[in-house]
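Student: what follows is a protein structure lacking sequence information:
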């Protein structure tokens, strides 16, 4: 029987996810990650793709392309080539958890064992457990939700936020597909908001300049970008901005369900507890020291 639920607004769902997210996201940038995956025989970006895909098992590169959505397919195929012949998903998952807890302990210091962190872990865990009741249509989340829960508040907080991140992400991808966007077009629209440095998404996702320009052209043809021949100075048209806002607001609505387990008061408490931890992680930037 599910625990009682309390209504939560979509804005609360977004704010709560965003406040806690650095505690999960740091695992992709912490120096412990690359070093540990290298010891498993995973070089370059193989560690990232394998570690995030491992909850789904020894899946193909095509499955990673589909579930990660916005990376250049050839980049994924190259990174995943021979991965599961080198290491098992179980071994990758064990190392990933070791990386997450070690990096958080390094960055948070004594706060990693604080009562506040334990309370935050309990709230996030309640939300993540409720998310697991609605895994349908969320393949990457479902793989993570099937993993055993780790011991200890620090590991549980990281795992819970990982589940909440993938729950939200799978819903977001469904909405991008609903609006007829492919992976690179979604990135172009994001860059056109001017929220991120020009070229960041293009570079980190492996797309070529020519592919980026072609995607921008397709979006201009749909009327979602303002006319321009400069792929480095993109801007959304009024229609494009409305489409993107619709996607973001719908993503928030699809993300409400887990947080209803703790309600508005619980979300407010979770944000208040997690905010100083997240700020410490952001300041550390996962770069050591």
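Tutor: Nice, thanks for sending it over. Since the structure is predicted, the reported quantities are computational estimates derived from the model, not experimental observations.
Student: how would you label the nearest residue to residue 159 once chain neighbours are set aside: helix, strand or coil?
Tutor: Counting by Cβ to Cβ, 6 or more residues apart in numbering, residue 159 lies nearest to residue 150, which is 5.5 Å off, once chain neighbours are set aside. Using the backbone N, CA and C atoms, a C-beta is placed for each residue, glycine as well. Assigned with DSSP: H, G, I helix; E, B strand; the rest coil, residue 150 falls in the coil class.
Student: correct me, but residue 150 touches residue 98?
Tutor: No. Using Cβ atoms under 8 Å, residue 150 makes no contact with residue 98, being 10.3 Å away.
Student: look at these two and report which has more neighbours.
Tutor: Each of residue 150 and residue 98 has its neighbours counted (other Cβ atoms under 10 Å); residue 150 has more, 16 against 13.
Student: enumerate every residue touching the more buried one.
Tutor: Neighbour list for residue 150: 97, 156, 158, 159 [criterion: Cβ atoms under 8 Å, 6 or more residues apart in numbering].
Student: now do the phi/psi pair for it.
Tutor: phi -80, psi 160 (degrees, to the nearest 10).
Student: find the nearest non-adjacent residue to the most centrally placed residue in the chain, please.
Tutor: With distances taken as Cα atoms, centre = their mean, residue 165 lies nearest the centre of the chain, 5.0 Å away. Leaving aside its chain neighbours, residue 165 sits nearest to residue 24 (5.3 Å; criterion: Cβ to Cβ, 6+ apart).
Student: shouldn't the one you found be in contact with residue 163?
Tutor: No. In this structure, residue 24 is not within contact of residue 163 by Cβ under 8 Å, at 9.1 Å.
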